[in-house]
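Engineer: Quick one, what's the 3D model for this:
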Amino acid sequence: MAIALYMDVHVPQAITDQLRRRGIDVLTAIEDSSAELTDEALLERASSLGRVLFTQDIRFKALAEDWQRQERPFAGLIFGHQLGGTLGQFVKDLELIALASESEEWLNVVDYLPF
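Structural biologist: Next up is the predicted model:
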């Protein structure tokens, strides 16, 4: 079963649009009326929805790694540095993750894109 993704406000809309065209379940913070939440509250929100958060904000990566050290649970975080890859690479990698992994595999995990 595919995982559901949650997009931080810093993620270009083109990534979300392309993933949806490929049948991936994606929800954005803006659509969820959560765009003004703090990073911590947004990570909690994505986790409460059972969605893995994708962000291009380095502060989220640091926050999630801090939660790992504290053994504080979250649904997973995927970090893609804005200069680390093309939109197409991010779409391809996120599609692969969404289709080839299970939610349980992402619990308390921080991963990086592009592969």
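
Engineer: Low-confidence stretches in the chain?
Structural biologist: Low-confidence segments of the chain (pLDDT under 70): 1.

Engineer: Quick check: most distant residue from the centroid of this structure.
Structural biologist: Going by C-alpha atoms, centre = their mean, the residue of the chain most distant from its centre is residue 70, 20.1 Å out.

Engineer: Can you tell me the SS state at residue 111?
Structural biologist: strand (DSSP: H, G, I helix; E, B strand; the rest coil).

Engineer: Likewise for residue 75?
Structural biologist: Residue 75 ends up coil, using three-state DSSP.

Engineer: show me what contacts it?
Structural biologist: 46-47, 49-53, 103, 106-107 (C-beta atoms under 8 Å, 6 or more residues apart in numbering). C-beta coordinates here come from the backbone N, C-alpha and C atoms, glycine included.

Engineer: Now it: closest residue in space, sequence neighbours ignored.
Structural biologist: residue 47 (4.1 Å; C-beta to C-beta, 6 or more residues apart in numbering).
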